[in-house]
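Asker: Sequence and computational prediction follow.
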Amino acid sequence: MHAKLLRAALALVLALMLPAAWAGVPNEKAKPAYAEEQTMLQIEGDSVVPEPGLLNPSSGRVHMDRHFLGQYGATEANVIVQRGGNTWRHLRNGPLATIAGFILLAVPLLILVFYRAVGPAREEPASGRRIQRFTKWERNVHWATAYSFIALAITGIIIMYGKKIMLPWMGHDLFSWVAIISKYLHNFVGPVFIVCSVLMFITFLRRNFFRRHDWQWVKQGGGLVSHKHPPAGFFNAGEKAWFWLGVTLLGIVMSITGLILNFVTFGQTRYVLQVANYLHIAGSALYIAAAMGHIYIGTWGTPGAYQAMREGTVDENWAATHHSMWLEEVRNGTATDPAHRPHPDGAPVRPNPRPGPAH
């Protein structure tokens, strides 16, 4: 009985606190940017009129600190200075830009150090027998997602850092065109990337659930340092972590915040846009950094992995080294991936090896 009363009391307190926390969005920590803003703060402090909430479309008041982004010439024209925007400018151009830039520079440096110190995985001698690993559909989905991601990463970096890095040596005229093209390319490729990410999730979901043997792969670090690769199924634990934390989690963050920033005609307030921008910058830095690791492991770090996604096939010795459990399933006819799924009549799909070199 007491527990129920306690839960009810906590729920009531939260219900009373939340509206007060969201109403008005005063953002008291923001630094006044102009003398006029200080006057507005004084007026706001002396006002006894209740403040509209951050999602209230009537929040556009003349000469007041409001967050609503309405139709230009209506409420938008009445917002002289938005106090939260000054905070956003300080954070976006200060700590966020610095931390994100450090991540984007440090990660490739660490990858280079790792490559020079540890080296890539040992390349097994080819057996001459090729096994189908990825279907054409899977490869197309992967590369469509990869190309759209690269386009977004490049244009996003230009939008974020171009004014500091490119403008000084390009000049205003040339950089203005680069910035405009990057902005529109970023806005149009964004929805394409979202569609590709959804297709990627649907296509590879079934093979990315964690299983008990994945823990052994984690404990041995995937053999990245020792080059002794633990047994793995179609995808190892590292690839599954990339799927769930990168493609799925960060993909959701980037997709939702990107749509909020891309389509501002649905009544988003300025405060919502600023929070979405914070998350978009942080998520993009982490996504690009994780993608760098994924690209390294899928190319120089693991010889033969790139050919698997480019051509769809792998050498049998490569499969035995990196995905021995999957190879055993293929040999036994129990593999359930699309390339080796059993026929409806029950006859298993056998590997289709290519003939080896003539002796």
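Answerer: That came through fine.

Asker: Just the strands from this protein, written as ranges.
Answerer: Taking DSSP state E to define them, one finds strands in the chain at 130-132, 313-315.

Asker: and stretch 185-199, average pLDDT?
Answerer: Stretch 185-199 shows a mean pLDDT of 97.

Asker: Name the residues that touch it?
Answerer: Outside stretch 185-199, the residues that touch it by CB atoms under 8 Å, 6 or more residues apart in numbering are 141, 144-145, 148-149, 151-152, 155-156, 159, 247, 251, 254-255, 258-259, 262. Every C-beta, even on glycine, is put in place using the N, C-alpha and C of the backbone.

Asker: 7 Å instead?
Answerer: Stretch 185-199 is contacted from outside by 141, 144-145, 148-149, 151-152, 155-156, 159, 247, 251, 255, 258, 262, using CB atoms under 7 Å, 6 or more residues apart in numbering.

Asker: Out of the residues you listed, which one has the lowest pLDDT?
Answerer: When the contacts of stretch 185-199 are compared on pLDDT, residue 262 comes out lowest, with 91.

Asker: Around it, how many other residues sit close by?
Answerer: For residue 262, the neighbour count with other CB atoms under 10 Å is 14.

Asker: Make 153 the first number, not 1, from now on.
Answerer: New numbering, starting at 153: the last item is residue 414.

Asker: still on that earlier bit, which of the contacts of stretch 337-351 are buried, as a PyMOL select command?
Answerer: Buried subset of the contacts of stretch 337-351, written as a PyMOL selection, criterion 16 or more other CB atoms under 10 Å:
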select buried, resi 293+296+297+300+301+303+304+307+308+399+403+407+410
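
Asker: what's the closest of the contacts of stretch 337-351 to residue 273?
Answerer: If you rank the contacts of stretch 337-351 by distance to residue 273 using CB to CB, residue 399 comes first, at 22.6 Å.

Asker: Touching, that closest one and residue 352? I think so.
Answerer: Yes: between residue 399 and residue 352 there is a contact under CB atoms under 7 Å: 5.9 Å.

Asker: Give me the number of neighbouring residues for residue 423.
Answerer: Residues near residue 423, counting by other CB under 10 Å, number 23.

Asker: Next one: it relative to residue 239, how far apart?
Answerer: To residue 239, residue 423 is 10 Å away according to CB to CB, to the nearest Å.

Asker: which neighbours do the two share?
Answerer: By CB under 7 Å, 6+ apart, no residue touches both residue 423 and residue 239.

Asker: So for residue 263, what's the nearest residue that isn't a sequence neighbour?
Answerer: Leaving aside its chain neighbours, residue 263 sits nearest to residue 448 (5.0 Å; criterion: CB to CB, 6 or more residues apart in numbering).

Asker: and what of residue 454?
Answerer: In space, and not counting its chain neighbours, residue 454 is closest to residue 273: 5.0 Å by CB to CB, 6+ apart.

Asker: Could you double-check that the residue nearest to residue 263 lies in contact with residue 262?
Answerer: No: using CB under 7 Å, residue 448 makes no contact with residue 262, being 10.1 Å away.

Asker: Looking at those two, which one has more neighbours?
Answerer: Neighbours were counted for residue 448 and for residue 262 using other CB under 10 Å; residue 448 has more, 18 against 13.

Asker: how close does that one sit to residue 403?
Answerer: Using CB to CB, we find residue 448 at a distance of 20 Å from residue 403.

Asker: State the distance from residue 419 to residue 296.
Answerer: Distance, residue 419 to residue 296, by CB to CB: 32 Å.

Asker: Check residue 414 too.
Answerer: Shown here: residue 414 relative to residue 296, a distance of 19 Å by CB to CB.
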